[in-house]
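Q: fold the following and give me the result.
(2 chains)
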Amino acid sequence: MNILNILRAFIRFFNYFCMAYTLLLSVIYLIQLLVALKRVRGQEKRKISEDYMRYADSQNLLPISLIVPAHNEQENIVQNIKDLLNLDYPQFEVIVVNDGSTDDTHRRIMEAFEMYPIEGAVKVKIPTEEIHNIYYNTDYPNLYYIDKEGGGKSDALNAGINLSQYPLFACLDADSRIERDALLILGNEFLKDTTTVVAGGFVRIANGSVIENGEWKRFELPKRMVERFQIVEYFRSFLAGRLSWGKALLIVSGAFGVFNKQVVIDAGGYKTNTIGEDMEIVVRIHRFMRTHKRKYKVKFCPEAVCWTQGPMSLRDLQSQRRRWQIGLFDTLKSHLLMTFNPLFGSVGMLSIPYSWLFEFLGAVVETLGYFIIPFSLLMGELNLYFFLLYFFLAVILGIMISVGGIILEQNTRKGCMSSQQAMKLSLYAILENFGYRQAITLFRFGGIIRYRKHKSSWGNIKRKEFNVSAERNTQ
Amino acid sequence: MFKTAEFSYEILAAILLIGFLILLCAEYIWLYILSKKNEETILQKREINAHIHYAMEAFMYSPTQSSRETELESLLQYIGDDPEKKDEAAVQFVQLMQRSEDIPPEKLEALDRLYEQLDPIAFYAERLEKGNRYEKSYAARKLADFMATDQIENIRSLLDDKNADLVYNAAMALSELADADSVVTFAKKCEKNRNYSHRVLLELFQAYSGDRAELVRRLYENCNDYIKATAVKAYTPDCLEELAPLYIEGLSSKDTNLKIACVKALAQFGKPEYEQKMAIALNDKNWIIRLAAVSGLEKIGTETALESLVSATQDEEWWVRNAAAKAIVNIDFNLVYVEKVLSGYDKYAADAVKNALYKQIKMNGGALR
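A: As a prediction, the model looks like this:
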């Protein structure tokens, strides 16, 4: 009898806790949105006097090494390299690192660029798995290709850093396309302010959009619902979420970010036994710079755009979100010391605790809520009126945040979407509350459960060639 | 009592829900208006751009004076007092002027007339005076594009602003307008505040449209070694021979960066009279200076320079050895010095030359040259 009472009391407490938690999270998101909106407005004003294009022909921009780790990327790799070689940037090199691909990636690169092995000394600043060969072709003087033993994305990035000769490097996903001026925008951040150590671009979902020869032409809504939901989600989570954190930003997308090479080397390079290397390296840089009391800035520039293919099926989406959650958990666990540690300033006192409480625990609390709340409703432990009130409030807040994300996008990149497309997309801000969000929460929860099993491996998401979407849309 | 409380609680909650619903509707309306406005703005911009472009082309290619007048009238009427159109017209005017070499003289007169009527300097001067800090920055750069020297005083006043972007843009504009005093003042400020990277300073110096040698002299008189080194670096590609004495003076500086910059600047001349300086620099304790001296000797390319390069292949630093070996392979057409190193006692020097030869052959598809 007593146990039953305790159980009831627990369920009742959990119901209220879960409701308060989700509402609090929504309020935090709304605040983030407002902060991001204010920042975007400020950036818009600043754009009048921004003159990064004046630097387009200047030799004074810091040269950048573009490191492209590739693992089973046979569909896109050749076209992606060709696009990268055509970027608007005065001085850069492209280093493609084949990390033990088992498909045709190696052969396609070798044939497309007629590469031959070169011998030369490489100063190993960060230890990596064995490098089979380094390839080069004088017809492509700024392209290098490393073929190495599989060691994960981080290891591939470290190998690229070892070979790179320039003071800045950009990590790029082999399945992504960066806009022609994106590097100029990020490169300029390092010029204007010498304390900049990391600058991240905005990763947008390319599914549906017309991309010809690696260049984004126009926005189109993708056909599948799962892809449309992701577009809304990226605006909400990445644009609002990242802009609002300012200098305390914990993650720069692995698909597109520029780093000060020496700082990354000083911090020890990419951590190899993790799949959340993009977040881990930024957190480690925060830790390193603050421990050594060095002035630094981590920046997010939404005008520098990178287009990436979002998963096209629920299965791939599940795999991606699991990996993200595992990466998050792994990073937070590795840097547990920073949590609520005033030595690390806003990072230790705000960003990391937020990530623990809402990004990590959110998946657990919400998943438990999906089961316990309906159960208590059935058992009569929860007032139906109260539940409905909570439910509608949560849905309205959720829609508000997502629509806010689209508004933010409209402020960041005017004219990318037509008004009709924006309104259509906002419909998905409503629909995502009935199934998609819950599915994402469950996928994230799955990531926590399977943490040990999938801690360090490349993720395999089915991709297609970029230009296929263009053909499909122009037909 | 309890029931009333519960009732009012429920009412309150319902009001809250309705309040949020209203907010959501307002957000949707906001999104609609914003996206419509964006769409219109983009279309309008394209229309303005295209209209001015075609109007300017029509003006330029009108066969007679009277038809040019008609086109000009129509263009000016279209622009009116709209600042956006004026700005676009000014931008396109600059683009048109950039190809002025291809324009026949009678049409240049027409351009003068267009310029008079557009009066971009007055337009940007007004923005410089009344705009916000971003508009001021933009106006300053535009005034510099039009070489509005009468605006130098107004732009100078921006150098004291707290906003770094505005100060930077003002300094760039003043440099383009050849205002040496302001460039020196700005450079002096950067001596202590190193937030601007040295590449920004390079850009500033390279934008200077006046007497560059004179500017370097003034920077040498007024600024510290960091600024001196940056100025030397900025003008190294210009090969300003009149600065050679300053570069030679810099060789005995205690500041490594200045020393490196001066060695590289002297090396750029590639003249045998500086060979001795390079040979001395080859014995510097700093390997970067030795490396710069190697590249200087490579440019000079005399027999004695080759002799010095042979000794540099025995340098303790890998980079210097390899650069020297590469230089020898590049300039020793008879392979006399290549053989000398290969048959010498220093294994590391021979390895460096072998490596350079190997790379050269690889690069040339199997041939040495």
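
Q: and B:A293, how many neighbours?
A: Per other CB atoms under 10 Å in any protein chain shown, the neighbour tally for B:A293 reads 29. C-beta here means a position set from N, CA and C on the backbone, and glycine is covered the same way.

Q: surely it is in contact with B:M278?
A: Yes - here B:A293 reaches B:M278: they are 4.6 Å apart, a contact under CB atoms under 8 Å.

Q: so what's in contact with those two at the same time?
A: Among the neighbours of B:A293, those also in contact with B:M278 (CB atoms under 8 Å, 6 or more residues apart in numbering or on different chains) are B:V263, B:A267.

Q: hang on, A:Q320 in a strand?
A: No - read with DSSP: H, G, I helix; E, B strand; the rest coil, A:Q320 is helix and lies in no strand.

Q: which residue sits closest to it, ignoring its sequence neighbours?
A: Among residues not flanking A:Q320 along the chain, A:P311 sits closest, at 5.3 Å (CB to CB, 6 or more residues apart in numbering or on different chains).

Q: so that neighbour sits in a strand?
A: No - A:P311: not assigned to a strand; according to three-state DSSP it is coil.

Q: pull the number of nearby residues for it.
A: Neighbour count of A:P311, defined by other CB under 10 Å: 22.

Q: that one against A:F229, yeah?
A: No - contact between A:P311 and A:F229 fails when scored by CB under 8 Å: they sit 10.8 Å apart.

Q: and the contacts of the helix or strand where B:Y78 lies?
A: For B:Y78, the host element (DSSP states H and E) is helix B:65-79. Helix B:65-79 has contacts (CB under 8 Å, 6+ apart) with B:51-52, B:55-56, B:58-59, B:62, B:85-86, B:89, B:110, B:113-114, B:117-118.

Q: with stretch B:92-99 instead?
A: Contacts for stretch B:92-99 (CB under 8 Å, 6+ apart): B:I52, B:H53, B:M56, B:M60, B:L111, B:L114, B:Y115, B:L118, B:P120, B:D145, B:F146.

Q: which among the residues you listed count as buried?
A: For those, a burial check counting by 16 or more other CB atoms under 10 Å in any protein chain shown picks out B:I52, B:M56, B:M60, B:L111, B:L114, B:Y115, B:L118, B:P120, B:D145, B:F146.

Q: present those residues as TSV; the columns should include secondary structure, distance to chain A and pLDDT.
A: TSV is the format used below for the buried ones among the contacts of stretch B:92-99 (DSSP: H, G, I helix; E, B strand; the rest coil; distance: CB to the nearest CB, whole Å; pLDDT from 0 to 100):
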residue	secondary structure	distance to chain A	pLDDT
B:I52	helix	19	92
B:M56	helix	21	86
B:M60	helix	25	79
B:L111	helix	24	78
B:L114	helix	24	81
B:Y115	helix	22	86
B:L118	helix	20	85
B:P120	helix	16	90
B:D145	helix	10	89
B:F146	coil	16	89
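
Q: so which of those residues would you say is closest to B:T313?
A: Nearest to B:T313 among the buried ones among the contacts of stretch B:92-99: B:D145, at 49.9 Å, using CB to CB.

Q: run through the chain and note the low-pLDDT ranges.
A: All of this refers to chain A. A:1, A:51-54, A:56, A:120-121, A:213-214, A:453-475 (pLDDT under 70).

Q: wait, chain B was what I had in mind.
A: In chain B, residues with pLDDT under 70: B:1-7, B:100, B:194-195, B:363-369.
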